[in-house]
Structures are given as C-alpha cells and as structure tokens.
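> Have a look at this fold, sequence not included:
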C-alpha cells in the first residue's frame, strides 16, 4: 500500500468545481450484488469473506455498484451526480491488489446525450488536471448502434440477443457468428415431443413437458417452466434450417471494422446504412446528437475516435462506452459508459438512466512517475 | 536427494497406482503395518512413498512437499491456479477415468449446446428474478469453461459437497458440473450432458512438482521414463 496519490487533492477540487459532491461507501460490501451483476468470473478476482451469520462479504472491488445501492437505499432524488475517491481491492496478476479509483456517477439525467458528453468531458478534465499538457486519446463505442444494426439486418430475436451479448468480446463475437453461419445440428427429439414441436402449438407441448418434469421429480416452480422450454424449443425449431446469410455476415464485418474520428463517425455510419440499405435512423439520430454534444464540450487536448467494435460484454451496459489513454499508449487511464439497466437490476423501483466513469489512479501515478 | 512420491491412501486408486509403479519396477510396500501412511520401494533408499488422501495430493505437489504424485487430472486442475506452470503431467496412467461435464435436466429439450445454455442464462434473471445456478464442487473448472471458453458470465455457482446430481431435482440449483465415468448416475437423475459440455476428460496421472532441483536429477528422470514405459 498505498498512500493517497499526491494529485488526489486536484481531483477532489475538480469534483467540487464540477458540482459532483463526494460520497463515501463502506469498504466491506455484500458480495452478491457484484457477483450477480458482473458474473461468477469476478469471484476469483475479489477478496471474499463471510460474516458470522454466513453472509458473503467482500472488499469493494469498484464503486459504481455501491454508489448505486446507496442511492437506491436513501431514495435520493434524481438527477444527481456522485463523485468518489478511494481504495478498491482486486486480485490481479499484475499490479497491486489494492489501489485507488476516482470517478463520477451521473444518475437520473434524462437528457442522455448531454449526460454522456458531460461524463466524457469530466473524465478528460480530470486526466488533464493530473497530467497537464499530456495529449490523450479517447475511444468511444456504442452498444445501441450495434443492436440497431442487428435489428435492421432483420436477424431473429434470439440471434440478436446472442450477438449483442458477445459485443465487445471479439473472440466470443466471432464464435457466435461462426455458430450462426454454420449452426450445429440439434439432437433428435424423442416422440411425442418431436411431433408436438412440428405442430407448433406451445400449449400441448408445454403440457407434455410439464408432465415429464413431474415424472422426473423436477419442481415446476423452482426454475425454468414447461412453457418457457416449449416456447424456446419451437422458436429454435423454426430456425433449424436458417443460417446467417453471407450478406448479413459481410455487413456485420463491415460495421465492426468502422474506426474513424468521432467528428466523422455519424457520416461514416450514414454511409454504412445507405450502402447496406439498412434503416438505422433512430439510433443514428441519437448517436449524432451525442457526437454534437461531445463536440460542444471542446476537449482541447483529446483526440476522439469512434470504434464500432468497442463495447463491454456486461448486460447492464446499454449505450455509450469510452476509454481514455495517453496518445500512442494502450494504458487505459479512465473507462466509463452508460448503464441504464443497472439500477433496476439492483432493485430500483423505476428506471433510472445512468452514466459514469472511473479513473485508475495507480496507472495515472505510473505515468506521472515515468514523466518525472 | 530422496524423491518422494505421493500415492492415494486407499481404495481402487491405491491399488491401481501401486500396480503401475510395480510394473515400472518400483514395487511399493507399506512401512510397518498395511494401514501405515508411509511406504517404500524395495531396494530403493532414494525413493519414499507418502500415502495421502486423493484431495491432498494435488496440494502437496503444489507445496512441493512431494516430488511426484498420482492423482486425477481433474483434482489438480481444480485445485491449482495455473496448473501447467506449477506441475508437469508426466504420464496418463489409464485408470481413474472420469469426465468433468456440464449436465442439464433432460427435459430441457431446447438446450443441446453451450450456446443454448448461454441464451437461457442471459434471459434467466429477467424471467426468474435470479441468475441461473450451477451446483458443483469444481469452481475453477466451471468458471474457466463458462467464462473463458464460452463467454457465459451470467450464472451463479452453488457449492455442492456431495450428491451434486440431485441438485436440480431438489431445487438447490438449475444445472450441474460434475464428474461422471459411465453417465449412469446422470441418466438415473434425468440429466443429460451437453453436446459440447465435456470440460475435461480426466484420468489418473503421474504428476511432477516443477522444482528447480529436479533439473538433471537421475532418479527423477528414471521414474518418469520407467512409468511412461509401462502405460
């Protein structure tokens, strides 16, 4: 460990200037929300312990989820921005296991284009404050545009969801595309299920499945229901001879290869949509508005790039994602994005749009030390 | 230097390991009575035998308290992070076969592959208010397979200390990851293995702790060579 970096005071001053009051959250957190949101893979990367009563606890691995939980628990009014600066704890192969992060979470702002732009501007301003004069590269991606492309290509719902899930993970996306272009053969169904699937009616198939579940001693209420299985089975069977067309595959590849300065991105996406005869106007309208709001922020020392393939494969990210690195370096100093689904997943009663980012203070420190 | 070999302390695994070593020219006998936890190889003062419980062997290899061990690949890969950097699988011994598999209720007629399971897992929370649950004692292998190989993140592991195959029927988990040798236990519990759901084809292996002092050691080389010669 791990003294507070010297530039922390500058960060706190900037929070103040930008009207984002600082919140504090306990270091020890219930582990379930993190595992539920980020998945089991997080388990080996966090420090877990157990309370005397058997509750799973962990050292906070990040701030976004605790800040959101706190917001929900206090029923705070929106819109509201929270800033934080403190230690987080993760098991890492490289680097220390405890390090500092700082960031701003912007909850409930309904003008999402303006909130997105402000989030990027805040992050860039913080980096500029602690690394004065340093040129940085901002990479911007957008999950919503990818999803709009999938919808415009007329892909089946199930496929759209499968590909959207893999967005941001090149390996998973490639595997999913290969799978859809050349689907594996399904196992033959036993009778009478096969005949019921052919008939295509959910109800009798669900009744048959329910009877089988009962015979197998599976509780019909504990997990997947007979109807859910029946619906998906019929859906899948309808697609059994459908494969991803070469045309759609080519369009997706062309889309994912788009990487242009953000100022030209709206035009590039327009051209892509026109070439492919795809209707993307709603998503592109939102994209263009946000690009304008970002331009309005006048980020002097940053070069902004739109990368169509850039995303995060977590199901609560819904739109913008961005990263800031020193120009010509792969070291990510700040990362952020829009997570409109997170607060409802965490138990908020109403939908709360949200965007935020986090700075890696240990990485920033390594850059300042290298410069000194 | 004395080379220590950790062997399973009871059951079929003990007999089969001793038989392989005997064929390789290392007849193992217990020191003192039959129940003793120490053994020796006749005529070889430079080799010691430690009889350990199956689950301890991978840990003792990792600690370096034994130089070699005979144990299931599944236990080593589950027990040790970055197993290949820490141990060497010297020989596959042809017994103790067990596959670590992903099995789902047979009645999930719409789920044949990991991709199907990924679809189901993604929708699970919206439908049921919780993540898909997997009962297993193989945390590490499950995570690597689901997250690493198949990009499936949205599930929760429920620790299972025994009778894992009963978890879906009892409602304590939706699916399981477990070992099976013949598959009959799975069938009896109305479970099926996914087409691409074999995580690991495990069997008993001669496993060496990667220790610097093994470099150029004649006994270490001899043990590996002679065991390889008989399997």
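Looks like it came in fine. Because the structure is predicted, anything quoted here is derived from the model rather than measured.
> alpha carbons only for contacts and neighbour counts from here, please
Will do.
> mind showing which ranges of chain B have poor pLDDT?
Chain B contains no residues with pLDDT under 70.
> Give me the most central residue, it.
With distances taken as CA atoms, centre = their mean, the residue of chain B nearest its centroid is residue B:74 (1.8 Å).
> ok, longest helix in chain B?
If you go by DSSP state H, chain B has its longest helix at helix B:114-128.
> What is it packed up against?
In terms of contacts (3 or more CA pairs under 8 Å, 6 or more residues apart in numbering or on different chains; DSSP states H and E), helix B:114-128 is packed against helix A:157-166, strand B:132-136, strand B:191-202.
> Name the residues that touch the last one?
For strand B:191-202, contacts defined as CA atoms under 8 Å, 6 or more residues apart in numbering or on different chains pick out B:72-74, B:96-106, B:111-114, B:141-142, B:145, B:165, B:186.
> How far away from the center of its chain is stretch A:180-191?
31 Å (CA atoms, centre = their mean, to the nearest Å).
> Would you mind measuring the gap between the ends of that stretch?
Terminal residues of stretch A:180-191 are spaced 27 Å apart (CA to CA, to the nearest Å).
> wait, does it make contact with chain B?
Yes - using CA under 8 Å from any CA of the partner chain, stretch A:180-191 comes into contact with chain B via A:186, A:187, A:189.
> Only the buried residues of that stretch, if you could.
For stretch A:180-191, a neighbour-count test (16 or more other CA atoms under 10 Å in any protein chain shown) marks A:180, A:181, A:183 as buried.
> how about these in a markdown table, adding distance to residue B:200 and secondary structure?
Converted to a markdown table, those look like this (distance: CA to CA, whole Å; DSSP: H, G, I helix; E, B strand; the rest coil):
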| residue | distance to residue B:200 | secondary structure |
| --- | --- | --- |
| A:180 | 26 | helix |
| A:181 | 27 | helix |
| A:183 | 24 | coil |
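> coming back round to it: and the residues of stretch A:180-191 next to chain B, which is closest to residue B:38?
Nearest to residue B:38 among these is residue A:187, at 51.0 Å by CA to CA.
> In three-state terms, label the closest one for me.
Following DSSP: H, G, I helix; E, B strand; the rest coil, residue A:187 is assigned to coil.
> Which residue is the nearest non-sequential neighbour of it?
Nearest residue to residue A:187, sequence neighbours excluded (CA to CA, 6 or more residues apart in numbering or on different chains): residue B:112, at 6.7 Å.
> Do I have it right that that neighbour meets residue A:185?
No - counting by CA atoms under 8 Å, residue B:112 stays clear of residue A:185, with 9.2 Å between them.
> who does the helix of greatest length in chain A touch, helix- and strand-wise?
Taking DSSP H as the criterion, chain A has its longest helix at helix A:112-130. With contacts taken as 3+ CA pairs under 8 Å, 6+ apart, helix A:112-130 sits against helix A:8-17, strand A:98-107, helix A:281-296, strand A:320-326, strand A:334-338, strand A:354-360.
> got a markdown table for those, with mean neighbour count, distance to chain B and mean pLDDT too?
Formatted as a markdown table, those follow (neighbours: other CA atoms under 10 Å in any protein chain shown; distance: least, CA to the nearest CA, whole Å; pLDDT from 0 to 100):
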| stretch | mean neighbour count | distance to chain B | mean pLDDT |
| --- | --- | --- | --- |
| helix A:8-17 | 16 | 34 | 96 |
| strand A:98-107 | 23 | 21 | 96 |
| helix A:281-296 | 17 | 24 | 94 |
| strand A:320-326 | 24 | 19 | 96 |
| strand A:334-338 | 25 | 19 | 96 |
| strand A:354-360 | 25 | 20 | 97 |
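> Could you pull up the residues touching residue A:65?
Going by CA under 8 Å, 6+ apart, residue A:65 touches A:33, A:34.
> which residues of the stretch 251-372 of chain A score low on pLDDT?
A:301.
> Can you report phi and psi for the residue most central in space within chain A?
Residue closest to the average C-alpha location in chain A (CA atoms, centre = their mean): residue A:317, at 2.8 Å. Backbone torsions of residue A:317, given as degrees, to the nearest 10, read phi -80, psi 130.
> List the buried residues of stretch B:200-209.
Neighbour counts over stretch B:200-209 (16+ other CA under 10 Å) mark B:200, B:202, B:203, B:204, B:205, B:206, B:207, B:208, B:209 as buried.
> ok, now stretch A:340-357?
For stretch A:340-357, burial by neighbour count (16+ other CA under 10 Å) applies to A:340-343, A:345-346, A:348, A:352-357.
> Of those, which pair is most distant in space?
A:348 and A:357 (20.4 Å).
> Pretty sure residue B:46 sits in a strand.
Yes - counting by three-state DSSP, residue B:46 is part of a strand.
> Would you convert the buried residues of stretch A:180-191 into TSV that also reports pLDDT?
Shown next, in TSV, are those (pLDDT from 0 to 100):
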residue	pLDDT
A:180	89
A:181	88
A:183	79
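> Out of those, which is nearest to residue A:86?
Using CA to CA, the buried residues of stretch A:180-191 come closest to residue A:86 at residue A:180, 44.3 Å.
> how far away is that closest one from residue A:241?
Distance from residue A:180 to residue A:241, by CA to CA: 11 Å.
> Near chain A, which residues of chain B are found?
Residues of chain B lying near chain A by CA under 8 Å from any CA: B:107-110, B:112, B:118-119, B:128, B:131, B:143, B:147, B:150-151, B:153-157, B:168-171, B:174, B:189-190.
> Among those residues, name the buried ones.
Buried by 16+ other CA under 10 Å: B:107-110, B:112, B:118-119, B:131, B:143, B:147, B:150-151, B:153-157, B:168-169, B:171, B:174, B:189-190, out of these.
> domains for the chain, by residue range?
With no chain named, the answer covers chain A. Following automatic domain parsing, one gets these domains for chain A: A:1-131+A:333-372, A:135-169+A:245-329, A:193-238.
> wrong chain, I was asking about chain B
Taken from automatic domain parsing, chain B resolves into B:3-96+B:203-228, B:98-202.
> Tell me who's in contact with the closest residue to residue A:78 other than its chain neighbours.
Of all residues not flanking residue A:78 in the chain, residue A:108 sits nearest, at 5.0 Å (CA to CA, 6+ apart). Residues near residue A:108 by CA under 8 Å, 6+ apart: A:78, A:79, A:80, A:352, A:353, A:354.
> hang on, the second one packs against residue A:105?
No - no contact is recorded between residue A:79 and residue A:105 when judged using CA under 8 Å, the distance being 10.6 Å.
> Need the residues that contact stretch A:132-150.
For stretch A:132-150, contacts defined as CA under 8 Å, 6+ apart pick out A:128, A:160, A:164, A:167, A:252, A:262, A:278, A:280, A:283-284, A:287, A:301-311, A:317-328.
> if we go to 6 Å?
Residues from elsewhere that reach stretch A:132-150 (CA atoms under 6 Å, 6 or more residues apart in numbering or on different chains): A:160, A:283, A:301-308, A:310-311, A:318-327.
> tell me the SS of the residue nearest to residue A:187?
Reduced to three states by three-state DSSP, residue B:112 is coil.
> and the gap between it and residue B:155?
Applying CA to CA, the value for residue B:112 to residue B:155 is 18 Å.
> neighbours around residue A:124, how many?
By other CA atoms under 10 Å in any protein chain shown, 24 other residues sit near residue A:124.
> Pull the number of nearby residues for residue A:197.
Residues lying near residue A:197 (other CA under 10 Å) number 22.
> name the element it belongs to?
In the assignment (DSSP states H and E), residue A:197 maps to helix A:193-199.
> Report whether that helix contacts chain B.
No - applying CA under 6 Å from any CA of the partner chain, one finds helix A:193-199 separated from chain B by no less than 8.6 Å.
> List the buried residues for that helix?
Across helix A:193-199, burial judged by 16+ other CA under 10 Å covers A:193, A:194, A:196, A:197.
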